[in-house]
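S.K.: take this sequence and fold it.
(one chain, ligands or ions: 1)
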Amino acid sequence: MHPVAGCAARFWRHSVLIFVSCVFAGAVHAATPAQWVKSFWPTAKAAGISWATYQAALGNFTPDPAVLEKASNQAEFNQTIWMYLHKTVTERRIVTGQAMLGQYGALLKKIEARYGVDRHVVLAIWGMETTYGDVLNNPAIVKNVIRSLATLAYQGGSRAKFGRSQLVAALKIAQHGDITPQRMTGSWAGAMGHTQFIPTTYAAYAVDFDGDGKRDIWNNIGDALASTANYLKKSGWQSGATWGYEVTVPKGSYKLVGSERSLSAWQKLGVRRAGGKAFPRPGDSARLFAPAGADGPAFLLIKNFGVIKRYNNADAYALAVGHLADRIRGGGAFAVDWPDADLRLSDTELMQVQKLLADRGLYSGEIDGNIGSGSRAAIMSYQETLGLAADGQVSQKLLEMLQSGK
Ligand code: CA
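M.R.: Numbering: from 1, shown residues only. Next up, the predicted model:
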């Protein structure tokens, strides 16, 4: 969710597709937990933490073995966007979101009036992050954040830096009295409360919506949802605008996927809104996105899509939030279906695709199974020679065509 650089930003999520490229290296260190707590004190003190706060938070610190296990078991995990959407934008999340819209309607209206962020999007983020707070009741997931972050810092390795900086931010929260160290709960990697803010994000964006002097994203729904709205607003949310539109793309225009131009310029190229309605705000700049190529829905994404990605820097996440928001509002499924299954090819099959393209004189790069821009350009050329939508997408269908000698 948050703008933290490097691999540290990528591991803490419990819910999202992320390509974890950093390996957790458990560092060998001689310090006992008590020695480590003592050694970290100057850092905390320099950040303005009092001895009393420090003692209350870390006086009895012992590393949490569950955190260490999570930290070392984050296997690389990679799925298609549509598999992710099937898992996250479920009927249950939609229906519960609509119930929450009823239950918290007056509160959501006030939050929207103050921050200018669409209440359905705020609800959708709540739904994606903690299933509307449901996850917070799960002791297998919810841990003490100070202990978790101290464990990461104590253990060393690639997550220690993240652990240390987040721990300092968490100690500041405790010192301010927003919540006691004991009640500061969150994920194993420090994502806290209904909207899963890590401590530094909390420091920058959490708000006290009900005015009781505490920014309580753990127990106060108003504080939690207003904090999310404030975060989106401060990240550049455009009031009154949506995240993007499902569109139909002329066969020859898939090569423009990833490029950006105004909605009216896309319109001139024959890209149309699904359902045929006109684009509001035709001057908005939009990026063409077609994660399943010509075999699935395509989208024009506008500025607010990127704002949602500030929460979690993944297209899949932002699309899930945007679509869930639309569904909570009463909108329907996408006009075009996603492919039925995960149709990705094995490395051997990918190499076969490259070889068959090379045999046709369309590809001259390495036969290594890595589908980069060279391979995609070759696939597009091949698709064009057959009069197909040139989306550059690798698929079982493509391999079968190549194998059949076409
Ligand atoms: Ca409050």
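S.K.: and the nearest residue in space to F209 that is not next to it in sequence, how many residues sit next to it?
M.R.: Among residues not flanking F209 along the chain, A226 sits closest, at 3.7 Å (CB to CB, 6 or more residues apart in numbering). C-betas here are computed from N, CA, C, even on glycine. Neighbour count for A226, taken as other CB atoms under 10 Å: 29.
S.K.: quick one: contacts for A226?
M.R.: When contacts are counted by CB atoms under 8 Å, 6 or more residues apart in numbering, A226 touches 111, 114-115, 207, 209.
S.K.: ok, the residues you listed vs the ion, which is closest?
M.R.: Using CB to the ion, F209 comes nearest to the ion of the contacts of A226, at 6.2 Å.
S.K.: the ion versus L136, what's the distance?
M.R.: 17 Å (CB to the ion, to the nearest Å).
S.K.: ok, so what distance separates that residue from M100?
M.R.: Applying CB to CB, to the nearest Å, the value for L136 to M100 is 14 Å.
S.K.: next: G374.
M.R.: 48 Å.
S.K.: who does the closest residue to A286 other than its chain neighbours bridge with?
M.R.: Spatial nearest neighbour of A286, chain neighbours left out: L300 (3.9 Å); criterion: CB to CB, 6+ apart. Beta-bridge partners of L300, counted by DSSP bridges, are Y245, L288.
S.K.: OK, contacts around L300?
M.R.: By CB under 8 Å, 6+ apart, the residues touching L300 are 244-245, 247, 263, 266, 271, 279, 286-289.
S.K.: per-residue confidence for S15?
M.R.: The score at S15 is 37. That number is its pLDDT.
S.K.: count the residues that sit near A325.
M.R.: With neighbours defined by other CB under 10 Å, the count for A325 comes to 25.
S.K.: now do the same contact list for it.
M.R.: Applying CB under 8 Å, 6+ apart to A325 gives the contacts 118, 120-121, 123-124, 243.
S.K.: what about 6 Å?
M.R.: By CB atoms under 6 Å, 6 or more residues apart in numbering, the contact set of A325 is 120-121, 124.
S.K.: let's have those residues in a markdown table, adding pLDDT and secondary structure.
M.R.: Formatted as a markdown table, the contacts of A325 follow (pLDDT from 0 to 100; DSSP: H, G, I helix; E, B strand; the rest coil):
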| residue | pLDDT | secondary structure |
| --- | --- | --- |
| H120 | 98 | helix |
| V121 | 98 | helix |
| A124 | 98 | helix |
